[in-house]
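Asks: Here's my sequence, what's the structure:
(2 chains)
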2 protein chains.
Amino acid sequence: MFLTYAIVGTGGIGGYYGGCLAKAGHPVHFLLHSDYEYVLKNGLKIDSVNGDFHLKNVSAYKNSQDMPKCDVVLVCLKTIQNHILPSILKPLLHEKTVVVLVQNGMGMEQELSEQLPSTSIVGATAFICTTKVGPGHIHHAEYGALTLAKHCGDCDEIVRQIASDFENASVNVSVFDDLNSVRWKKLVWNIPYNGLTVVLNAATDTLTNNPDSRKLVIDLMNEVVSAGRTCGAKISDSFIDKMITMTENMTPYSPSMKLDYDARRPMEIQTMFTNPISIAKAQGFEMRKTEMLEQQLRFLEKVAKSI
Amino acid sequence: MFLTYAIVGTGGIGGYYGGCLAKAGHPVHFLLHSDYEYVLKNGLKIDSVNGDFHLKNVSAYKNSQDMPKCDVVLVCLKTIQNHILPSILKPLLHEKTVVVLVQNGMGMEQELSEQLPSTSIVGATAFICTTKVGPGHIHHAEYGALTLAKHCGDCDEIVRQIASDFENASVNVSVFDDLNSVRWKKLVWNIPYNGLTVVLNAATDTLTNNPDSRKLVIDLMNEVVSAGRTCGAKISDSFIDKMITMTENMTPYSPSMKLDYDARRPMEIQTMFTNPISIAKAQGFEMRKTEMLEQQLRFLEKVAKSI
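Replies: Coordinates of the predicted model:
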């Protein structure tokens, strides 16, 4: 049996993962917004470190109401759009549809499961550098691994099948059973690097090499690890060292929040900062430095909006 | 008896206060650096909200070794130059000379008293907006009050005389006996506003009006108050409200650290941030948010230096 896929949000992430699945022969339906006409006519072009490819005939839609119900919906929207997610998703869902949130932050699955109580929901983190460089044109620069972990629903079998489909499409996938740990571990990197690249206007390598910002990155990582552990996440003592070493070995780059800020798009402050801060606070842990970063980001976003 | 004054550092602060004393007829000797020739020839021009004046004949020096010993030395240098202070001061000191440090931060008096153990030292804070706008040309925009408090030495009588000289020169002066409280109270304003105007590239009014930065300012103020109290400072519960209201009523402006940063001069991070952080830490109080601001400032200073 072939699973049918819907990609909600065909940007750098959705275009790449959806493109890989389609190239491997899986049925994939793409929801597009501004690029709809272009992709309908010209298809999707993916320049990838793993080999370029061009999908000439793409099953493209401008509105989710026109799409078929699918077995799997990969949500690759920025979380700032999550308020419109239930209305986008409803036409796509059958009884066993699994919604996979390939998104940054905390609390998205909980929020969606309150809005769509009978839907199976899986959280996913993408370790990938990929950008939409033009209409229907994705540039995949580095990495690509996906991590999946169930939030709710009777969907273990389908999740295994999704993983197998991705492996078949040459995407490295891991399935974990503890979404809480997956989300907190991702935040250990995301909070310092997304926040500080914006506030200090610097790339990942500069922040990692300067002794003062390196110490601040590590302080923030320690705060996120402590918060996560307070909330029941399992994070090993060596995890921070691993993250720093990984960053040192990365091609210097600007994380998604920095790209959003520079392009004057709204930043994912709510899910990446506000939600974990309040989730930790509810468990009695104050993320003081993360909170300060959040306040700085909200200030800068407001100023950028007013210019 | 007339006290003789030496002004070490004839910038916005030293030029203004020294100018006021000289105008009122007190003997004042000014130590200058780059403006020496200009001031020797043209004197000091002070444009002040309290009335402009021009001191045509100024007792100007390029080197403290050429200056007479004085009864009072007003040190109006940025604290980043304090490492050269003992050598500047030595030629100016007689047995009863009182050195007044009109400087920002914490720990300057302690450091100097270790270097010059038998010297009377007084700390001072200036609540004033004054800038050197050109050679020998000071613009005094607002305020002007001085607060004096003894650090060490048998100098109470002379401190009273200094206060009386300043009153005579139309400078509002308060004398306190608790320098520790004076310094910590000044930091309650200086830490958030000096730090955040640099890191967030914003003036005092913008920071105070935006709800997120206002909350951050108040969070930082609370941290400084708690740190100060842990270190024995007496700060009333209403002090933060008073500082916020005062800032709301101020003409929006850039504090000294922001001016230094924008002009690519070194910032007073050591005395305004590092010293209070480590003094509080020695008493068991961690200034977490202030420490984060310090790390951000050190990072930005390093980047500015490298451009």
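Asks: rest of the way, CA atoms for contacts and neighbours
Replies: Fine.
Asks: Find the nearest non-adjacent residue to the residue of the stretch 101-250 of chain A found nearest chain B, please.
Replies: Closest to chain B within the stretch 101-250 of chain A is A:Asp212: 5.1 Å, counting by C-alpha to the nearest C-alpha. Once flanking residues are discounted, A:Asp212 sits nearest to B:Gln295: 5.1 Å by C-alpha to C-alpha, 6 or more residues apart in numbering or on different chains.
Asks: Contacts only, for the residue of the stretch 101-250 of chain A closest to chain B.
Replies: When contacts are counted by C-alpha atoms under 8 Å, 6 or more residues apart in numbering or on different chains, A:Asp212 touches B:Gln295, B:Gln296, B:Arg298, B:Phe299.
Asks: In CSV, list those residues along with distance to B:Gly51.
Replies: Below are the contacts of A:Asp212 laid out as CSV (distance: C-alpha to C-alpha, whole Å):
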residue, distance to B:Gly51
B:Gln295, 41
B:Gln296, 40
B:Arg298, 39
B:Phe299, 41
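Asks: Now, these that are in helices?
Replies: Residues of the contacts of A:Asp212 located in helices (DSSP state H): B:Gln295, B:Gln296, B:Arg298, B:Phe299.
Asks: Pipe the residues you listed into TSV and attach pLDDT per row.
Replies: Below are the ones in helices among the contacts of A:Asp212 laid out as TSV (pLDDT from 0 to 100):
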residue	pLDDT
B:Gln295	98
B:Gln296	98
B:Arg298	98
B:Phe299	98
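Asks: Give me the most central residue, chain A.
Replies: Centroid-nearest residue in chain A: A:Gln103, 2.8 Å away (criterion: C-alpha atoms, centre = their mean).
Asks: thinking that residue is in contact with A:Cys76, fair?
Replies: Yes. Using C-alpha atoms under 8 Å, A:Gln103 is in contact with A:Cys76, at 6.4 Å.
Asks: Is it correct that the residue of the stretch 101-250 of chain A closest to chain B falls within a helix?
Replies: Yes. The assignment for A:Asp212 is a helix, going by DSSP: H, G, I helix; E, B strand; the rest coil.
Asks: Quickly find the element holding A:Ser174.
Replies: A:Ser174 belongs to strand A:173-176 when assigned by DSSP states H and E.
Asks: Tell me the helices and strands packed up against the next helix or strand after that strand.
Replies: With elements assigned by DSSP H and E, the helix or strand that comes after strand A:173-176 is helix A:179-199. Applying 3 or more C-alpha pairs under 8 Å, 6 or more residues apart in numbering or on different chains; DSSP states H and E, one finds that helix A:179-199 contacts strand A:120-134, strand A:137-152, helix A:204-209, helix A:211-230, helix A:256-262, helix A:288-306.
Asks: avg pLDDT for helix A:179-199?
Replies: The average pLDDT within helix A:179-199 is 98.
Asks: Run the angle between it and helix A:288-306 for me.
Replies: Relative orientation of helix A:179-199 versus helix A:288-306 (axes from the mean of the first three to the mean of the last three C-alpha atoms, to 10 degrees): 50 degrees.
Asks: now helix A:179-199 against strand A:137-152, angle please.
Replies: Using the same axes, to 10 degrees, helix A:179-199 lies at 140 degrees relative to strand A:137-152.
Asks: Tell me the pLDDT of the residue of chain A most remote from its centre.
Replies: In terms of distance from the mean C-alpha position of chain A, A:Pro211 ranks first, at 29.2 Å (C-alpha atoms, centre = their mean). On pLDDT, A:Pro211 comes in at 97.
Asks: follow-up on the earlier one: as CSV, the helices and strands packed on helix A:179-199 with distance to B:Val8 would be great.
Replies: CSV is the format used below for the helices and strands packed on helix A:179-199 (distance: least, C-alpha to C-alpha, whole Å):
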stretch, distance to B:Val8
strand A:120-134, 55
strand A:137-152, 57
helix A:204-209, 38
helix A:211-230, 32
helix A:256-262, 45
helix A:288-306, 38
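Asks: In contact with A:Pro276, which residues are there?
Replies: A:Pro276 neighbours (C-alpha under 8 Å, 6+ apart): A:Gly105, A:Met106, A:Gly107.
Asks: Outline the domain layout of chain A.
Replies: A:5-177, A:181-306 (automatic domain parsing).
Asks: could I get these as CSV with distance to B:Ser254?
Replies: Shown next, in CSV, are those (distance: least, C-alpha to C-alpha, whole Å):
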stretch, distance to B:Ser254
domain A:5-177, 34
domain A:181-306, 17
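Asks: Please identify which of those is closest to B:Glu114.
Replies: Ranking these by proximity to B:Glu114 (C-alpha to C-alpha) places domain A:181-306 first, at 28.8 Å.
Asks: Endpoint to endpoint, that closest one covers what distance?
Replies: 38 Å (C-alpha to C-alpha, to the nearest Å).
Asks: contacting residues for A:Ser170?
Replies: A:Cys20.
Asks: A strand includes it, no?
Replies: No. Using three-state DSSP, the assignment for A:Ser170 is coil, not a strand.
Asks: Could you check how far it is from B:Ile13?
Replies: 67 Å.
Asks: again, but for A:Ala124
Replies: 58 Å.
Asks: before we move on, what about A:Leu55?
Replies: Distance from A:Leu55 to B:Ile13, by C-alpha to C-alpha: 69 Å.
Asks: contacting residues for the nearest residue to A:Asn82 once chain neighbours are set aside?
Replies: Nearest non-adjacent residue to A:Asn82, counting by C-alpha to C-alpha, 6+ apart: A:Met108, 7.9 Å away. The contact partners of A:Met108, taken as C-alpha under 8 Å, 6+ apart, are A:Thr79, A:Asn82, A:Leu101, A:Thr271.
Asks: Pick out the most distant pair among the residues you listed.
Replies: So, those by C-alpha to C-alpha: farthest apart are A:Leu101 and A:Thr271, at 12.5 Å.
Asks: Give me the pLDDT for the residue nearest to A:Ile218 when sequence neighbours are not counted.
Replies: Closest residue in space to A:Ile218, ignoring its immediate chain neighbours: A:Ile240 at 7.3 Å, by C-alpha to C-alpha, 6+ apart. Here, the pLDDT recorded for A:Ile240 equals 98.
Asks: For A:Ile240, list the residues it contacts.
Replies: A:Val188, A:Ile218, A:Met221, A:Asn222.
Asks: next one: phi and psi at it?
Replies: Torsion angles at A:Ile240 (phi, psi; degrees, to the nearest 10) stand at phi -60, psi -50.
Asks: and what of A:Gly107?
Replies: Dihedral angles (degrees, to the nearest 10) for A:Gly107: phi 90, psi 0.
Asks: dump the residue contacts of it.
Replies: With C-alpha under 8 Å, 6+ apart, A:Gly107 has these contacts: A:Thr271, A:Asn275, A:Pro276.
Asks: Which residues of the stretch 151-300 of chain A lie near chain B?
Replies: A:199-200, A:210, A:212-213, A:215-216, A:288-289, A:292, A:295-296, A:298-300 (C-alpha under 8 Å from any C-alpha of the partner chain).
Asks: try it again with 7 Å
Replies: A:Asn210, A:Asp212, A:Ser213, A:Leu216, A:Arg288, A:Lys289, A:Met292, A:Gln295, A:Gln296, A:Arg298, A:Phe299 (C-alpha under 7 Å from any C-alpha of the partner chain).
Asks: Show me which of the residues you listed is closest to B:Asn50.
Replies: Using C-alpha to C-alpha, those come closest to B:Asn50 at A:Phe299, 36.5 Å.
Asks: Measure how buried that closest one is and give me the count.
Replies: Number of residues near A:Phe299 (other C-alpha atoms under 10 Å in any protein chain shown) recorded here: 23.
Asks: With A:Ser64 instead?
Replies: 20.
Asks: Setting aside sequence neighbours, what's the nearest residue to it?
Replies: A:Ile88 (5.8 Å).
Asks: What of A:Leu116?
Replies: Per C-alpha to C-alpha, 6+ apart, closest to A:Leu116 is A:Pro86, 7.1 Å.
Asks: Wasn't the one you found part of a helix?
Replies: Yes. The assignment for A:Pro86 is a helix, going by three-state DSSP.
Asks: Could you report the separation of it from chain B?
Replies: From A:Pro86 across to chain B, the span is 30 Å (C-alpha to the nearest C-alpha, to the nearest Å).
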